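Asks: Fold the following.
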Amino acid sequence: MEPFFSDSRTTKFDAAVDAFIERTAPAQASITIASFNKAGEIEGQSSPSVVYQGAPTHEAIVSALSRINLRRRSDGRLPNSDYREALLGAVTDVLQSRPGVIFMITNNKSAPNGREQPEDGPVTERTEAFNNLLKSSDAISRIVAWPLRFPVHGMRFNERGLVIYGIAYGDAASNELSQASESPAVRQLLNDPPVRLKPLSFDPLVLSLTAGRRGDLNWYADAAGRVVIDGVSSSGDVVSMIGSLTNTHYPYVIRHARVIAFWTPAVGSTTQASVAIVPTNIKDLATFSSVNGVAIDLALSRAQRPSWLADRAMVPGTLSIQLVDMELGLSPAFVQKMTELFGSGAAPRPDVPTDLPAQVPKIFINYKAVNQATTQIPLTLVVSFFPWPLIGLISILALALVVLIAGGWFLTRETPFPVSIDGESRMIGLRPLQSKEVRGMRGTYIVSRGLFGTPNTKLKSA
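Replies: Numbers count the residues shown, from 1 in each chain. Below is the predicted model:
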């Protein structure tokens, strides 16, 4: 790292690091700035060695960077670096083993131009241990990197560039690193997108769906890429959609892969779907290039009504587009860039190169072991049910109302009946369940009517 500290450091290296920190650190975050080499190389200095902890203000960052100086060992030589040791120290001492994002800025060499001396110890083994930690640790959930052209000239050495690693420790930090590394501010500063190093088996593609309609059925993708199919028939349906698939797996070329797709409903749903996707094969799809005219057909099973009166139901699920039997290559421009940064040694094919310079860290070639990758897209079905239960309920209520009205009319209407009082026939009007007193020669008679039939007559007791 000597040239970075010697060649107009304040206006070059420090300014670049300050700009990177300010663009990646959330305004309300607490950051830690530390230097690292190899513990014990510099007497009285640990690795990593913290120079600042606090808010990511411009003044604090500039001041902290100015306190990181190029120091020498007791034998006068420049210190070596132990990346694994520095990373583990950052996790245990700085993060206190809590989830967080770690950025490492380095020329990625253990000694100038890779010329280690026997007294430097097992440099190759230390580098291998660092690569193995990055690759195999489940606690490290995401890794990205920016190999950057950054020519500097030092008092003894020259450098062509450096590498910034972004490392997410813990699952919770993965999304934070993704958002920071993909932010427009960082893209504007570094120009190139981050190199995906881990995981390489997720989200190789982005689906761009063409909105469509068929009668009352319509489908679309929202701003976040979530797909909604609205108006699915509850008796089963087939939905045919068109879109495109873009390779966002930078810097990898999908040399070939078979494409399959399936939809998985959320837990508790009984709705099922089979998915067919065309094309079924991808070949030599360059980074950020697209396959257009992708056809996705969903054949949906009968859906169950969630409640007696429901006429619509949302069924969340996930559409998975999977690349199997996959072989990845590298973007020619990326190989050229890495050759410029790390030296010669690349032996690319004429069309799509697959090899990188020998000095490139092994974490950059782990893609060769990846043969499967899956893109998952939230896809929600909005199912429409014919409102038979509601129609039935309305019909029952209407019939009940008719009966109620008819009953009310029946109970309040007087009907004249011929009644014999002391041998004399009289017409007496009575409502159902009504009684009337009628005077005759022998006294007072009570004439009563039930709900149905003719009235009863009896002499009222004295």
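Asks: which stretches of the stretch 1-150 of the chain form helices?
Replies: Counting by DSSP state H, counting those that start in this stretch, the segments of the stretch 1-150 of the chain that form helices are 2-6, 15-24, 58-66, 83-89, 123-136.
Asks: and of those, who's closest to Asn37?
Replies: helix 83-89 (8.0 Å; Cβ to Cβ). All C-beta spots, glycine's among them, are computed from the backbone N, C-alpha and C.
Asks: Using CSV, list the CA coordinates for the closest one.
Replies: Extracted C-alpha coordinates of helix 83-89, given in CSV (Å, rounded to 0.1, in the frame of the first residue of the first chain):
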residue,chain,number,x,y,z
TYR,A,83,-6.8,-10.5,5.8
ARG,A,84,-8.4,-13.3,7.6
GLU,A,85,-7.1,-12.1,11.0
ALA,A,86,-8.2,-8.5,10.2
LEU,A,87,-11.7,-9.7,9.2
LEU,A,88,-12.2,-11.9,12.3
GLY,A,89,-10.9,-9.0,14.4
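Asks: Tell me which other helices or strands it touches.
Replies: strand 100-106, helix 123-136 (3 or more Cβ pairs under 8 Å, 6 or more residues apart in numbering; DSSP states H and E).
Asks: Beyond the lowest-mean-pLDDT helix or strand in the chain, next helix or strand please.
Replies: Within the chain, no helix or strand scores below helix 388-412, which has a mean of 72 by mean pLDDT, DSSP states H and E. For helix 388-412, the following helix or strand on the C-terminal side (DSSP states H and E) is strand 415-421.
Asks: Excluding its own residues, what touches that following strand? List them.
Replies: Strand 415-421 has contacts (Cβ atoms under 8 Å, 6 or more residues apart in numbering) with 425-431, 438, 440, 445, 447, 449, 454-455, 457.
Asks: Let's see that with 6 Å instead.
Replies: Contact with strand 415-421 is made by 425-429, 438, 440, 445, 447, 455, 457, as judged by Cβ atoms under 6 Å, 6 or more residues apart in numbering.
Asks: ditto for stretch 69-87
Replies: 5, 36-38, 41-42, 47-48, 110-111, 120, 126, 129-130, 133.
Asks: buried residues in it?
Replies: 73, 78-87 (16 or more other Cβ atoms under 10 Å).
Asks: And the furthest pair within the residues you listed?
Replies: Arg73 and Leu87 (21.8 Å).
Asks: Show me what the helix or strand hosting Leu245 pairs with in its sheet, parallel or antiparallel.
Replies: Element membership for Leu245, per DSSP H and E: strand 237-247. Counting by DSSP bridges, the strands paired with strand 237-247 are strand 205-209 (antiparallel), strand 290-300 (antiparallel).
Asks: where's that strand relative to the chain centroid, distance-wise?
Replies: 19 Å (Cα atoms, centre = their mean, to the nearest Å).
Asks: buried stuff in it?
Replies: 237, 239, 241, 243, 245-247.
Asks: Just the buried residues of the next helix-or-strand element following it, please?
Replies: Next in sequence after strand 237-247, counting helices and strands by DSSP H and E, comes strand 252-265. Of the residues in strand 252-265, those buried by neighbour count under the rule 16+ other Cβ under 10 Å are 252-255, 257, 259, 261, 263, 265.
Asks: Show me what strand 252-265 is packed against.
Replies: Judged by 3 or more Cβ pairs under 6 Å, 6 or more residues apart in numbering; DSSP states H and E, strand 252-265 is in contact with strand 273-278, strand 281-285, strand 317-330.
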